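Enquirer: pasting the structure only:
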Ligand code: ACO
């Protein structure tokens, strides 16, 4: 007989951003750009940048600690079963996983730990992976963190990319919840034929770093912006509708849409396709830029903190990014209320 799967919901949230704010005006002194160009094309006004000695696990740690505290899970008490970190800017080039480094910082000896590499879709992927362990009854408490130091993989002389990204971290604790709550439906997808549109060309096994490649700045993010833009607009609406369909819902049932925070033009176009009014769409890209895998948990956290999500609400998150990859989740919010 097939085993009954458990419903999985969010039991606690946390967020952390580095202190340093880099405004569009600051960028005007670095590259040939203007505040007006950046705001008009992207909606971004400022972003946070990690300090010289701050790595991705340093951003992940306070976000994770807050999420665990809010979920009532003592990291060193043996109740945390698994730590998943979604990141494309891990502390180390190859290994160990940033999740292992975070585990050490949290003082959690028993928890399993691994990273998920799906770039800006990473958090949705990681949440879906973590949810499977709880749904089957294998684990009780899973910590899922999206954390990035995108500033480390940017070419700060390339105006077409350096203006877009920022650093930060967001975290959730997943746990079994009453039926009808939590993650109601989700989709994950990828299309590797688009790998050349967005990548870091060198530093992996295909092209190990050499002085010549460093000279050519091949260790930095490169992107064909227009193509990624077209893909993003299309996939955001499509993935959201597919996930809603799996949950037996339609766009009309959505209380809050929390898209990957890459660009307000992409967000507006996706919301229009879904027929969502602006008050049903959460945007904080203006203050943080594109923080890749951290963007959705950071937006989820701020929406929750600001009272935009209430128990019973239907929340839809959609991520897209390099791979190409995408993922969407439909969540019915449980009894997790904000306390300062
Ligand atoms: N300031 C001023 N001018 C600029 C800047 C800048 N910062 N950047 C580019 N330009 C210029 C270009 O050189 C070009 O000039 P030209 O016409 O003389 O050649 C002109 O502006 C137009 O450039 P486009 O690239 O066509 O501008 P576009 O309107 O497409 O906007 C943007 C660029 C904002 C990057 C857009 O394409 C976009 O948002 N794409 C999606 C990016 C995205 O979401 N990426 C994240 C994916 S998530 C992940 O996995 C990491």
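Expert: Cool, the structure landed. As the structure is a computational prediction, the values presented were derived from the model and not from experiment.

Enquirer: can you check the pLDDT for residue 113?
Expert: Here, the pLDDT recorded for residue 113 equals 97.

Enquirer: all numbers from here: first residue = 815
Expert: With 815 as the first residue, the last one maps to residue 927.

Enquirer: so what's it bridging to?
Expert: Here residue 927 sits in beta bridges with residue 897, going by DSSP bridges.

Enquirer: how many other residues sit next to it?
Expert: A count of neighbours around residue 927, defined by other C-beta atoms under 10 Å, yields 21. Placement of C-beta: from N, CA and C, glycine included.

Enquirer: my read: it touches residue 918, true?
Expert: No. With contact taken as C-beta atoms under 8 Å, residue 927 and residue 918 are classed as non-touching, separated by 9.1 Å.

Enquirer: any idea how far residue 1005 lies from the ligand?
Expert: Counting by C-beta to the nearest ligand atom, to the nearest Å, the gap between residue 1005 and the ligand amounts to 13 Å.

Enquirer: likewise residue 1054?
Expert: 16 Å.

Enquirer: what's the answer for residue 1088, then?
Expert: Residue 1088 is 18 Å from the ligand, by C-beta to the nearest ligand atom.

Enquirer: please apply the same query to residue 1144.
Expert: Remark: distance between residue 1144 and the ligand (C-beta to the nearest ligand atom) = 21 Å.

Enquirer: go on, residue 1029?
Expert: For residue 1029, the distance to the ligand (C-beta to the nearest ligand atom) stands at 23 Å.

Enquirer: look at the nearest residue to residue 824 once chain neighbours are set aside and give its secondary structure.
Expert: Distance criterion C-beta to C-beta, 6 or more residues apart in numbering; nearest residue to residue 824, sequence neighbours excluded, is residue 986 at 4.8 Å. The local conformation at residue 986, judged by DSSP: H, G, I helix; E, B strand; the rest coil, is strand.

Enquirer: what do you get for residue 1000?
Expert: Look at residue 1000: counting by three-state DSSP, its state is strand.

Enquirer: for residue 962, same thing?
Expert: strand.

Enquirer: who does it form a beta bridge with?
Expert: residue 982.

Enquirer: let me know the distance separating it from residue 1082.
Expert: Separation of residue 962 from residue 1082 (C-beta to C-beta, to the nearest Å): 24 Å.
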